[in-house]
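got a structure for you, letters missing:
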C-alpha cells in the first residue's frame with residue numbers, strides 16, 4: 001500500500017484546481033505515495049506552531065516567507081541544503097533566494113513568487129471615457145486618474161483606488177518609492193528615518209485624506225469580505241494584486257487589464273512575496289517528504305501553478321513563453337521577477353506586523369499625521385525587533 005503523507009496548507013484543496021492537479025500528477029508519478037491535504041483556514045502560522053509543539057507533525061507544510069525565519073530559528077524546520085540539488089538552487093530568481101534561506105542555510109523551497117502589479121478595472125475606465133495609460137505611466141498620472149474615477153455618494157459612490165490594510169499591500173507602495181521597513185540589521189524600523197519610506201507614507205496618507213480617492217474599510221466591506229470585492233463590484237478602479245488575483249477576477253467575470261507599478265523618479269519598482277513549502281524538523285520520513293516538496297516546488301509543480309494562474313514560477317527552469325503569449329500584459333508579471341524587491345522578513349515580523357497594521361488604521365483614518373505615525377511605529381518597534 002502507498003505511504004500517506006499529510007500536506008498542511010491554508011488553502012482548501014477542494015476549492016483550488018491547481019492543488020488538485022498537483023496532487024493527481026504527483027501521485028501518478030509516485031504510486032508509492034498518497035497525499036492527504038489538511039486545511040488550516042485561519043491564523044495558520046500561529047496554529048501550526050501550536051500543533052508542532054503538541055506533537056502533530058505534518059510531512060510537508062506550506063509557509064509564507066515572512067514566517068520562515070521564525071520557524072527556522074526556533075528549530076522547527078529541516079534544513080534543505082543537502083536535499084536540494086545545485087541545479088535547483090542556481091535556477092532560482094534572485095528575489096526568491098533570500099526568502100528561502102536564514103543565516104545562509106536553506107530551510108524552504110519555493111511554492112511560487114508573487115510580484116505585485118497594478119490591476120485596472122477596464123469597465124470603469126471605459127464608462128468614464130478614460131484611456132488606459134501607457135505602461136510607462138507615472139505616480140502623478142496614477143493620482144490624476146484616481147481623482148477622475150472617484151465620484152458619487154451613497155450607493156452610487158465609486159473610488160479610484162483601494163488596498164486592504166495588509167502589510168504586504170502597504171509595502172508594495174513603499175517599495176514603489178524605494179523605501180524600507182527595517183534597518184539593515186533588522187533591529188529597528190525606519191519609518192521616521194528613511195526618506196523614501198517617508199515619501200511613500202505621506203503619499204498613501206494623501207490618497208485617503210487629501211485626494212480622498214480610497215474607500216474606508218467600512219465602505220469597502222459592504223461589497224464583501226474579499227479584499228478585491230469592491231473592484232469586482234465595479235466600485236474600485238485600480239488595485240495592487242498578484243497573478244492569483246487574475247484567477248479571482250476571471251471566475252467573477254470582472255473586466256480588467258494589468259500595468260506595472262507607476263514610475264517614481266523614472267523607475268517602476270515593486271515588491272514580491274514568496275510562499276514556500278517546508279519540512280518539519282521532526283518529519284517521520286524526510287526523504288519521502290522531500291520528494292513531495294521537490295515536485296511541488298520544481299519544474300512540474302510550478303508549471304501547473306503558472307498555467308492555472310496561481311503564481312509565477314520561482315525558477316528559471318519553468319518556461320514562461322506560452323504564459324506571456326496568452327495576454328498583452330502577462331509580460332509585466334515576468335518582468336517583475338527580475339526587478340522586484342523581496343517582501344522584508346524578520347524573526348519578530350509577526351508581532352511587528354500586528355502593531356504596524358493597527359497603527360496604519362489610525363493613519364488611513366486621518367487620526368494621526370504621517371510624522372506621528374512614523375514616530376509611534378519606530379518607538380513600538382524597538383523593543384519588538386531587538387528581542
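That came through, no problem. A quick note: this is a predicted structure, and the numbers were derived from the prediction, not measured. Numbers count the residues shown, from 1 in each chain.

so which bits of the strand or helix carrying residue 6 are buried?
Element membership of residue 6, judged by DSSP states H and E, is strand 3-9. By neighbour count on 16 or more other CB atoms under 10 Å, the buried set for strand 3-9 is 5, 6, 7, 8, 9. C-beta: built from backbone N, CA, C; applies to glycine.

pLDDT on the next helix or strand after it, on average?
Going down the chain from strand 3-9, the next helix or strand is helix 17-29, by DSSP H and E. Here helix 17-29 scores 94 as its mean pLDDT.

show me which positions of the following helix or strand past helix 17-29 end up buried.
Scanning forward in sequence from helix 17-29 by DSSP H and E, the next helix or strand is strand 33-39. For strand 33-39, burial by neighbour count (16+ other CB under 10 Å) applies to 33, 35, 37.

given strand 33-39, what are its sheet partners and their directions?
If you go by DSSP bridges, strand 33-39 pairs up with strand 3-9 (parallel).

tell me which residues are up against the partner strand.
Strand 3-9 has contacts (CB atoms under 8 Å, 6 or more residues apart in numbering) with 19, 32-40, 48, 58-62, 285, 288-289, 292.

thinking again about what came up before, can you redo the buried residues of strand 33-39 as a markdown table with pLDDT and distance to residue 246?
Shown next, in a markdown table, are these (pLDDT from 0 to 100; distance: CB to CB, whole Å):
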| residue | pLDDT | distance to residue 246 |
| --- | --- | --- |
| 33 | 97 | 32 |
| 35 | 97 | 26 |
| 37 | 96 | 23 |
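
export the residues you listed to a markdown table and append columns for distance to residue 324.
Formatted as a markdown table, those follow (distance: CB to CB, whole Å):
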| residue | distance to residue 324 |
| --- | --- |
| 33 | 34 |
| 35 | 31 |
| 37 | 30 |
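
looking at those residues, which is nearest residue 25?
Of all the buried residues of strand 33-39, residue 35 has the smallest distance to residue 25: 10.7 Å, by CB to CB.

ok, now which ones touch the closest one?
4, 5, 7, 23, 26, 27, 292.

and with 10 Å instead?
Going by CB atoms under 10 Å, 6 or more residues apart in numbering, residue 35 touches 2, 4-7, 13, 19, 22-24, 26-27, 59-60, 292, 295-296.

where in the stretch 101-250 of the chain is pLDDT low?
Counting by pLDDT under 70, the stretch 101-250 of the chain contains no low-confidence residues.

what about the strands in it?
For the stretch 101-250 of the chain, the strands defined by DSSP state E, counting those that start in this stretch cover 101-102, 105-106, 109-115, 117-121, 159-161, 236-241.

nearest to residue 278, of these?
Closest among those, using CB to CB: strand 109-115, at 7.5 Å.

quick one: distance of the closest one to the chain centre.
Relative to the chain's own centre, strand 109-115 is displaced by 9 Å; criterion: CA atoms, centre = their mean, to the nearest Å.

cool, and stretch 80-88?
A distance of 25 Å separates the centroid of the chain from that of stretch 80-88, by CA atoms, centre = their mean.

again with stretch 190-208
Once both centres are worked out by CA atoms, centre = their mean, stretch 190-208 turns out to sit 20 Å from its chain's centre.

got the buried residues for it?
Result for stretch 190-208 [16+ other CB under 10 Å]: buried residues 190-192, 194, 196-205, 207-208.

and what about the residue nearest the centre of the chain, helix, strand or coil?
Residue closest to the average C-alpha location in the chain (CA atoms, centre = their mean): residue 273, at 4.1 Å. Recorded secondary structure, residue 273: strand (DSSP: H, G, I helix; E, B strand; the rest coil).

and it, what does it touch?
64-66, 95, 99, 112-116, 168-169, 171-172, 242, 311, 340, 342-343 are the contacts of residue 273 under CB under 10 Å, 6+ apart.

mark which of these are buried, thanks.
64-66, 95, 99, 112-116, 168-169, 171-172, 242, 311, 340, 342-343.

so residue 350 sits in a helix?
Yes. Counting by three-state DSSP, residue 350 is located in a helix.

turn the strands of the stretch 101-250 of the chain into TSV, including distance to residue 329.
TSV is the format used below for these (distance: least, CB to CB, whole Å):
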stretch	distance to residue 329
strand 101-102	32
strand 105-106	33
strand 109-115	13
strand 117-121	8
strand 159-161	18
strand 236-241	12
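
and of these, who's closest to residue 262?
Among the strands of the stretch 101-250 of the chain, if distance is taken as CB to CB, the winner is strand 117-121, at 7.0 Å.

and the closest one, what does it pack against?
Contacts defined by 3 or more CB pairs under 10 Å, 6 or more residues apart in numbering; DSSP states H and E place strand 117-121 against helix 167-176, helix 229-232, strand 236-241, helix 243-252, strand 256-259, helix 330-339.

could you list the buried residues of the last one?
Neighbour counts using 16+ other CB under 10 Å place 330, 331, 332, 333, 334, 335, 336, 337, 339 of helix 330-339 among the buried residues.

take these and write them to TSV, including pLDDT and distance to residue 141.
Output for the buried residues of helix 330-339, formatted as TSV (pLDDT from 0 to 100; distance: CB to CB, whole Å):
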residue	pLDDT	distance to residue 141
330	95	22
331	95	20
332	96	16
333	93	21
334	92	24
335	90	19
336	88	19
337	84	25
339	79	20
